[in-house]
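Enquirer: With the input below, show me the fold.
(4 chains)
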Number of protein chains: 2
Amino acid sequence: MSYTINSGTGAVAASTRERVEEAIRVLGYRPNAAARTLKIGSTKMFGVVVPDSSNPFFAQLGRALEDAAAERGYALIVVNVEGSPDGFGPSIRNLASRQVDGIISAAGISLSALAALSESGTPTVLVNQFEAVEGLPAIGPDLYGGARAAMEHLLWHGHQTIAFVGQAGPNDLRERGWRDALAAAGLPAGPIAAGAYTREGGYHAGQELLAGDDIPTAIFASSDQQGVGVLRALHEANVSVPDQMAIVSFDGSPESEYSWPALTTLEQPVRTMAVDALEKLISPTESSSYTLYPTRLIVRQSCGCGR
Amino acid sequence: MSYTINSGTGAVAASTRERVEEAIRVLGYRPNAAARTLKIGSTKMFGVVVPDSSNPFFAQLGRALEDAAAERGYALIVVNVEGSPDGFGPSIRNLASRQVDGIISAAGISLSALAALSESGTPTVLVNQFEAVEGLPAIGPDLYGGARAAMEHLLWHGHQTIAFVGQAGPNDLRERGWRDALAAAGLPAGPIAAGAYTREGGYHAGQELLAGDDIPTAIFASSDQQGVGVLRALHEANVSVPDQMAIVSFDGSPESEYSWPALTTLEQPVRTMAVDALEKLISPTESSSYTLYPTRLIVRQSCGCGR
DNA sequence: TTGAAAGCGGTACCAC
DNA sequence: GTGGTACCGCTTTCAA
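Expert: The predicted structure follows:
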């Protein structure tokens, strides 16, 4: 009888329990999750969709999610959506057909994905995704506040011309933070170099900045990966960091600690966000739909401190 | 009728097919994977167990596996086993109870894991795991050959004292390659610094090497992460690379390209290995149980080339 | 060609 | 407190 396994439901005599457990041992019984799922309606699995799970930032997020999920008896199916023309919608449908109990999306939701999501009715939470979507709970770092903090620090170092590297566009909260900080200090906006959140993107952005007319004395990069890319561009051009150029980047990934010089960066509370994202799926609440998490400035060498 | 969906099994009249498809659209029918699994006995899922999915190397491997799996209609459940005292056995059991069609293990198999594996009977393939286990097919890079190639290159540069950074022990194929290459060149073995395959491990190993009596002119590191750790130790000690110290590392991860100077490294054919590992699970063959994949030397700056 | 029905392995309700 | 049984949704066999 299943009461023995599914302890708690009914009352079982000690003698019966032993008899059942003996049988389990002898027969080598293993519960079948598929049958359980079919009956119960829950797979104890969540889907995680990211642009690229090999990107250090998403790898870190994925790890944090996996740890939190495992602790709670859940497994994770991770899906990559970058590189497939529009694989996002089909990916969501695939996850839904596998009856995942919920989806954590850390990739910019496409229209087709949104459609798939609503028609499947799978509970979803958005992480690090800032084009808020109707009705979907979302959590993410305080990009704006982080950017302001980074700029405050650079300004405190006395820099007057500070460049921005990132995904340009007035919707970008980091760019807005950068711009507002400069304005608040009575300084003109510095040069902007757009680039993907990758090492390569940062590398090209760095080269672009060096080739422009308005060469900055400091750079705020939107990701650590961009930060190390910028670093490479500066090294190649023999620009010394932080003496001739200071850098502050964003994310607080492990990699940032081992660049040369080590990057001063804004750490995201990845583990906290991961746990909270999961909890939102496990125990849905109708409360505030958008939660911001403060970042923390980790001061290392690239900003000019501790020389 | 399910013949319409599961096209191919039986013959269906065109009119009936349309009628069914119309109903599917109207009712918003979504097939239930759990029911299918229960009947068919296949989940179209594989389990992947790694020490730490946030480690760049395993992140890269995981991504390659996910791509290959998605192409073939499979999903992946990734499980981390590092950090849990002995979570390996339970993790395997958990995967097995979820009825995964197979397991790809890239973590050193523990005894309890082996027991869980054989009692569950889940097909398994070992990746990058060199303590061969009875009967389990395994694939991995040619560590020994790669190490010899690295050493050949360093010797060609004229180095006489070449240190080894890695997991010391005569079973380590990279160490053996390092040792044999030195012996073949008529040179004594250089200093050894043991350390985990992490940036931190490399950092401490680098410091150890610098503090020893037998200071090398070149270092062979067992992973790129160790390579960047060594680099940091050298930078801090004001040892210039590659002028005063050359480095060659192992893995060919993206990170190695953006260190300063860029690391000369042995690239593993990760994508090929991932595809082959999956295929071994999908179409099991009784053929050779251990497959080695050649590595490729990527020459960059840390070895002293292209100055 | 198509409809009906059995059964995969659990869970939970119902009589006893 | 315990054994029997209906049902979750799909595949597949069988009869019509």
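Enquirer: Spell out the secondary structure type for residue A:49.
Expert: strand (DSSP: H, G, I helix; E, B strand; the rest coil).
Enquirer: For it, list the residues it contacts.
Expert: Taking C-beta atoms under 8 Å, 6 or more residues apart in numbering or on different chains, we find residue A:49 in contact with A:78-81, A:88, A:91-92, A:95, A:103-107. In this view, the C-beta of every residue, glycine as well, is placed from N, C-alpha and C.
Enquirer: now do residue A:197
Expert: Contacts for residue A:197 (C-beta under 8 Å, 6+ apart) come out as A:55, A:57, A:166, A:167, A:222, A:223, A:225, A:226.
Enquirer: try residue A:48
Expert: A:62, A:65, A:76, A:77, A:78, A:79, A:103, A:104, A:105, A:106 are the contacts of residue A:48 under C-beta under 8 Å, 6+ apart.
Enquirer: next one: residue A:306
Expert: So residue A:306 contacts A:299, A:300 (C-beta under 8 Å, 6+ apart).
Enquirer: which SS state does it fall under?
Expert: coil.
Enquirer: Can you list the low-confidence ranges for the stretch 51-200 of chain A?
Expert: Applying pLDDT under 70 to the stretch 51-200 of chain A flags residues A:85, A:132.
Enquirer: number of nearby residues for the residue in it that DNA strand D sits nearest to?
Expert: Nearest to DNA strand D, among the residues of the stretch 51-200 of chain A, is residue A:97, at 8.6 Å (C-beta to the nearest atom of the strand). Residues within reach of residue A:97, counting by other C-beta atoms under 10 Å in any protein chain shown, total 15.
Enquirer: Can you verify my assumption that it contacts residue B:31?
Expert: Yes - judged on C-beta atoms under 8 Å, residue A:97 makes contact with residue B:31 at a distance of 5.9 Å.
Enquirer: Residue A:78 contacts residue A:52, correct?
Expert: No - contact criterion C-beta under 8 Å: residue A:78 and residue A:52 do not qualify, at 10.6 Å.
Enquirer: any shared contact partners between these two?
Expert: What both residue A:78 and residue A:52 touch, as defined by C-beta under 8 Å, 6+ apart, is an empty set.
Enquirer: More neighbours: which of the two?
Expert: residue A:78 (25 against 18).
Enquirer: Can you name the residues bridging to that one?
Expert: Note on residue A:78: beta-bridge partners by DSSP bridges are residue A:48.
Enquirer: Can you show me the helices along the stretch 201-307 of chain A?
Expert: Applying DSSP state H, counting those that start in this stretch to the stretch 201-307 of chain A gives helices spanning A:224-236, A:270-282.
Enquirer: looking at those helices, which is buried most?
Expert: helix A:224-236 (a mean of 26; mean count of other C-beta atoms under 10 Å in any protein chain shown).
Enquirer: Residues in contact with that helix: which ones?
Expert: A:55-57, A:165-166, A:195, A:197-207, A:209-210, A:219, A:221, A:240-241, A:245, A:247, A:249-253, A:255-256, A:259-260, A:263, A:265, A:302, B:258, B:260.
Enquirer: Just confirm residue A:117 is within a helix.
Expert: Yes - counting by three-state DSSP, residue A:117 falls inside a helix.
Enquirer: Many thanks, I have nothing further to ask.
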